[in-house]
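J.: Provide a 3D model corresponding to the input given below.
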Amino acid sequence: MGRTFKDKKGYQRWKDNKQLVHRSVAAKKIGGPIGKGRVVHHIDGNKNNNRASNVWVMDRSDHSRLEAKKRRSWLW
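T.: Okay, here's the model as predicted:
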């Protein structure tokens, strides 16, 4: 693909179409569009690691639970 830049939230976007790199990588990995209500999770938590092996497509509600669980574990 083309060149990228980081947006103000620290995510990489393609310069030519401004799409998020991790979402395009995930769509290619699953063989189609991500779909409404689904998000792409970086398994290792690194926004810049957009390898197919590091992105996971999941329901938004599942992602919220996962992130809340991670936040709770940091408190202990």
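J.: can you give me the strands in the chain?
T.: In the chain, the segments counted as strands under DSSP state E are 4-6, 12-14, 38-42, 55-59.
J.: what about the ones you listed, which gets the closest to residue 48?
T.: For the strands of the chain, proximity to residue 48 was assessed by Cβ to Cβ; strand 12-14 is nearest, at 6.4 Å. No exception for glycine: its C-beta is placed from N, CA and C like everyone else's.
J.: Report the contact partners of the residue nearest in space to the middle of the chain.
T.: Averaging the C-alpha coordinates of the chain gives a centre point, and the residue nearest to it by Cα atoms, centre = their mean is residue 40 (3.6 Å). Contact partners of residue 40, counting by Cβ atoms under 8 Å, 6 or more residues apart in numbering, are 20, 22, 23, 26, 34, 55, 56, 57.
J.: Write a PyMOL command that selects only the buried members of the residues you listed.
T.: In PyMOL, this line selects whichever of the contacts of residue 40 come out buried by 16 or more other Cβ atoms under 10 Å:
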select buried, resi 20+22+23+26+55+56+57
